[in-house]
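Chemist: need coordinates for the following:
(2 chains)
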Amino acid sequence: MTLRELLSRLTRRHLDRDFEDEIATHLELAESENLQRGMDPAEARRRAAIKFGSVTSAKEGVWTQRGLPGFGSFLQDLKYSLRGMRKSPGFAAVTVLTLAICISLCSVIFCTLNGTFLRPAPGVADPTGLVTLQSPVAYPHFEQYRGDKAAFIGPVPFTVDKARIFGHLVSSEYFSLLGVEPLLGRFFDATLDLPGAAPTVVLSEVYWRTHLHSDPGVVGSSLRLNGIQATIVGVAPKDFIGILPMPHPAEIFVPVTADPRVAPELADDALHRTTQPVFRVLFRLPSGESLSAAEARLDAETRGFPDNLTHKDEKGRLVHVSSAAHLAPVTPALNAMIVMFYTMLVALILTLTCANLAGLILARGRARAREIAVRLSIGASRLRLIRQLLTESLLLAVLGGAAGFLAIWGFFKILPKLAPSADPVIQRQFFPDFHLALFAFLISTAAGVGFGLMPALAITRPDLATALKTSMRTGFGIHRRFGLRNLFVVYQVAVAMILVLLMGFLTLGIRYGTNRDPCFDPTPLYVFSLDPGTDGLTSQESAAMFAGLTRRSLSGIDRITFSDQAVFSFGDSFPNTAVTVHDAVKQVAMQMIGPGFFATLGVPILRGTEFTDRDLHSDPALLPAVINMTAARELFGDADPLGRRIRQDDRDFQVIGVVHFDRPVIFKNEPAATVFLPMTMQDLGRRPRQGTTIIVRSGTHLDEASLRNSLAAIDARLNPFDLRTMQADLAEQERLGQIVAAFYLPIGGFGLILACLGLAGVTAQAVEQRRKEIGIRMALGARREQLLGLVMHEGAIMVTTGAAFGLVCVYGIARAMSAAYAPLAQAIAWGGSNPMLTVGVPALLVSLALVACYVPARRSATIDPLIALRED
Amino acid sequence: MSAKLDLLQGTLDLLVLQTLVSMGPLHGYGIARRIEQQSGDQVLLNQGTIYAALVRLQHRGWITAEWGTSGNNRRAKYYSITRDGRKQLAEETSNWQRLAAVIERVLAK
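Modeler: Numbering: from 1, shown residues only, chains lettered A, B, ... in the order given. Below is the predicted model of the structure:
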């Protein structure tokens, strides 16, 4: 079928042609019968035509009977709508722009959901039924699970050419379980990659492309991994960056059978020890098995392991299963909560926009009332008019939707330039796709019906007599009801209140939770990391290196110390370690630090001393400890803590100092009781997962090259990474707050602006409608303030009703969200305790709304009673 | 000769259905002519109006249409009655007869 045929079928043009044929046949038959009766040809034709009657009215009869008009009249409606749009371009532009913003906001929300929960992780060919155990297990335990499974450790750091990259240590089943085929060469094989064999490595396509220039002959050549030559045996397919690639995508893959010198994570015979639960397990569930059924099954299997070390949770479960098909593992509960929240957000934004535009269209409908009334009175059916009006709103909606979609598409096009540090494969995960296009189309259509239907029904309500007689500027107060438009405005104010407050809660709450007093001056401080294990140092060499670090004087470095974790951004320990003091169990946070830690930071020691080089050689059974003021108060009350003992499991600490280092814990607004322990030579020889954080006080500017030079004085192999200023490190913790603000504040702002515009519109219209009334009142001597009050009164009622309704909803939603997810409860509680937000925002909204009301209301005073009364 | 009769609302459908029962498949002109002949040229019929009725009856599923060739070798649409149409006709006919009887009784005083 050609396009033309299709179109003609859709427009029913073929039916018209058929009918013309039928008429022609009819007339010919009649004519020939007349000829047989002996008429002359001209007369025969004339009589046939008379007998048939009007061809046009026959056609009209048939059209009427065909009833439901098809595509043809749709085209007619569309043409009419386009003409209307050309006639009032301002209205069309405002509508399309409002919709475009609405659709782009909804689209961003959708892209987030799409990338996180809907789309499978990049490069994973078959994501169905992929799950992972939430806690790692020991390799011998992994081997005991039944079914399709694979194990991996990751992300783990590697040093390649002085650069630090991340990779996965994978079992031989890893790639086949994920259904991934090599782009070049082969993947790992249980029969080839045996323990003790020469080191092998598989590259990701990204790494191969960016570092090896897509060399097709790369298989068989070698890569220096942590100082050891490893043979490249294959390249993974495009976009595959490992399972669960958030936050670190895998750039290379190394078999779990690798030499511990290549992968220090595998030291101490990790493959055969049940005491080293470091392996993440992946399963592919048999089709049809639910997540909860799988969890029960795997839990039962885990119970059967003779020597497992895992602990039961409060529900008695040994293992927890979460989906592994996406960017990061997500538990079903969190998934449901996030999806629900975002769905609510989209629904609110969408209905707010619809209410606003419906109001706009109603106002316009009033202006068009005469046109509509005329069309109704000359016989247009109400259904036909409603369809016409709906076509108009749908056209606007689809245009707005398309504009919104294009805006988002453009935004994602330039996103790589805005955030160049983000991984391009992961960024692409959030890019607009077919799903987004479908979503945008569906919600814009829904919006089109949503803001078009009610006004269409209201405008075409047959009340011809009034409409034709008056110009719809209904005169006096009694005739005016609390109409649909006012209801729309109340709803808009309510939703604006909900959006602004909720977004405010989240933004402020997260800001508040992440913006903490550092308790020291970060200006002269730098932070970097060292991972001597991957740099090729042995345990003894590492320990000696760290011990030497604080003793040696290095150029450009005033003071230097270290810690077991990146303390200052997100790495804070929560008070999750149980210790006993005089048989009383307390929860404290623990942190391992090096000599001179507090001196380097510039934190005052209140009592006693801090650790010195001597403490590196402490007796592990009786470690010295420095505690903060919170710990001193919580553990010892008013008593002098110096010299007192703290017991944890089978070791004791003796307090040698108290410091004023009481930083609030992230997402808690109070400091945690913290016990600082010295890192011993034994600790320094062990290799922590993400390297050791080194803190440096330096009077001069420190860059990577100068740092490398300074460190070379200790060991030339050392490879410092992640060098940043302490200020940058502290700013990192505020990033989350900034991201959340960038995401949520536009939503709140959009709500606020729309509600104000809606209110202004409806007030302006009210003034316009009451011109005559106002004119009379003026003529009878009403003062300007009285008139203003008259108009404002109505606006104030709408604003307060909407605001009150919105506040009640916010309260309900906040309660529900707090109940669903604990960290959110904390953020909401902070937001809720902030009077700027709980009192300030509603006050701001109400006053803005009243201003929006006042501006058009002022016009009432400019009405000239003489003109107003003489009109019509 | 007295003025021709106007058809009552709805009676045209009845006449068309009856025509199709007695004549079998027929094109629009045939149906119109048949009705005129049967009524002894007593009814006033704009032949064109028959087509609206045909579309209506088609929509209700009482008749079907098929393209064929007429006696003078023209493309013509032939209409035939369906089973539903026959049922409808029977019903309508008895309704009509009852109505006619009632009216006759009333008019006969």
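Chemist: tell me the average confidence for the one helix or strand A:Ile361 maps to?
Modeler: Element membership of A:Ile361, judged by DSSP states H and E, is helix A:332-367. For helix A:332-367, mean pLDDT is 86.
Chemist: which helices and strands does that helix pack with?
Modeler: Contacting helix A:332-367 under the criterion 3 or more Cβ pairs under 8 Å, 6 or more residues apart in numbering or on different chains; DSSP states H and E are the following elements: helix A:89-113, strand A:321-323, helix A:382-418, helix A:434-459, helix A:484-514, helix A:726-769, helix A:784-820. Quick note: C-beta positions are derived from backbone N, CA and C, even for glycine.
Chemist: residues near A:Ile739, how many?
Modeler: Residues lying near A:Ile739 (other Cβ atoms under 10 Å in any protein chain shown) number 11.
Chemist: tell me if A:Trp84 really is in a helix.
Modeler: For the record, residue A:84 is Gly, not Trp. Yes. Under DSSP: H, G, I helix; E, B strand; the rest coil, A:Gly84 falls within a helix.
Chemist: surely it meets A:Glu392?
Modeler: Yes. A:Gly84 lies in contact with A:Glu392 (Cβ atoms under 8 Å); the separation is 6.3 Å.
Chemist: those two - which one has more neighbours?
Modeler: Comparing A:Gly84 with A:Glu392 by other Cβ under 10 Å, the one with more neighbours is A:Glu392, at 24 against 18.
Chemist: okay, now A:Ser214: neighbour count?
Modeler: 12.
Chemist: likewise for A:Ala712?
Modeler: Using other Cβ under 10 Å, A:Ala712 has 12 neighbouring residues.
Chemist: which residue packs closest to it, ignoring adjacent ones?
Modeler: Residue nearest to A:Ala712 in three dimensions, not counting chain neighbours: A:Leu718, with 7.3 Å by Cβ to Cβ, 6 or more residues apart in numbering or on different chains.
Chemist: shaky segments in chain B?
Modeler: Residues of chain B that meet the criterion pLDDT under 70 lie in B:1-9, B:44, B:109.
Chemist: residues from it in reach of chain A?
Modeler: Residues of chain B lying near chain A by Cβ under 8 Å from any Cβ of the partner chain: B:27-30, B:32-33, B:46-49, B:51-53, B:55-56, B:59, B:70-72, B:74-77.
Chemist: re earlier: quick check: the residue nearest to A:Ala712 is in a strand.
Modeler: No. According to three-state DSSP, A:Leu718 belongs to no strand; its state is coil.
Chemist: so which residues of chain B form strands?
Modeler: Taking DSSP state E, the strands of chain B run over residues B:26-27, B:63-69, B:75-81.
Chemist: return the most buried member of those.
Modeler: strand B:26-27 (a mean of 23; mean count of other Cβ atoms under 10 Å in any protein chain shown).
Chemist: who does it pair up with?
Modeler: Strand B:26-27 has the following sheet partners, assigned by DSSP bridges: strand B:75-81 (antiparallel).
Chemist: just to revisit the earlier point, return the distance of the helix holding A:Ile361 from the chain's centre.
Modeler: 18 Å (Cα atoms, centre = their mean, to the nearest Å).
Chemist: just the buried subset of the residues of chain B next to chain A, written out for ChimeraX, thanks.
Modeler: Restricted to buried positions by 16 or more other Cβ atoms under 10 Å in any protein chain shown, the ChimeraX selection for these reads:
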select /B:27,28,29,30,32,33,47,48,49,51,52,53,55,56,70,74,76,77
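Chemist: of the residues of chain B next to chain A, which belong to helices?
Modeler: B:28-30, B:32-33, B:49, B:51-53, B:55-56, B:59 (DSSP state H).
Chemist: need the residues you listed in TSV with distance to A:Leu291, can you?
Modeler: TSV is the format used below for these (distance: Cβ to Cβ, whole Å):
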residue	distance to A:Leu291
B:Gly28	67
B:Tyr29	72
B:Gly30	71
B:Ala32	72
B:Arg33	76
B:Thr49	68
B:Tyr51	64
B:Ala52	62
B:Ala53	64
B:Val55	58
B:Arg56	58
B:His59	53
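Chemist: closest to A:Ala293 out of those?
Modeler: B:His59 (53.8 Å; Cβ to Cβ).
Chemist: for B:Leu26, see how far away that closest one is.
Modeler: From B:His59 across to B:Leu26, the span is 19 Å (Cβ to Cβ, to the nearest Å).
Chemist: what about whichever residue of the stretch 701-850 of chain A sits closest to chain B, neighbour count?
Modeler: Using Cβ to the nearest Cβ, A:Gln765 is the residue of the stretch 701-850 of chain A that sits closest to chain B, at 44.6 Å. Using other Cβ under 10 Å, A:Gln765 is surrounded by 17 other residues.
Chemist: how close does it get to A:Gly758?
Modeler: For A:Gln765, the distance to A:Gly758 equals 11 Å [Cβ to Cβ].
Chemist: the top helix by length along chain B vs strand B:75-81, what angle?
Modeler: For chain B, the helix with the greatest residue count under DSSP H is helix B:83-107. Regarding helix B:83-107 and strand B:75-81, their directions subtend 70 degrees when assessed with axes from the mean of the first three to the mean of the last three Cα atoms, to 10 degrees.
Chemist: what helices or strands is helix B:83-107 leaning on?
Modeler: Judged by 3+ Cβ pairs under 8 Å, 6+ apart, the packing partners of helix B:83-107 are helix B:11-23.
Chemist: CA atoms only: put the helix it packs on into CSV for me.
Modeler: Taking Å, rounded to 0.1, in the frame of the first residue of the first chain, the C-alpha atoms of helix B:11-23 are listed here in CSV:
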residue,chain,number,x,y,z
THR,B,11,-40.3,3.8,6.4
LEU,B,12,-37.7,4.1,3.7
ASP,B,13,-35.4,1.6,5.5
LEU,B,14,-38.3,-0.8,5.7
LEU,B,15,-39.0,-0.5,2.0
VAL,B,16,-35.4,-1.0,1.1
LEU,B,17,-35.1,-4.2,3.3
GLN,B,18,-38.4,-5.5,1.8
THR,B,19,-37.1,-4.8,-1.7
LEU,B,20,-33.9,-6.7,-1.1
VAL,B,21,-35.8,-9.7,0.3
SER,B,22,-38.1,-10.0,-2.7
MET,B,23,-35.5,-9.1,-5.4
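Chemist: where does chain A have its least confident helix or strand?
Modeler: Ranking every helix and strand in chain A by mean pLDDT, DSSP states H and E puts helix A:464-469 at the bottom, with a mean of 56.
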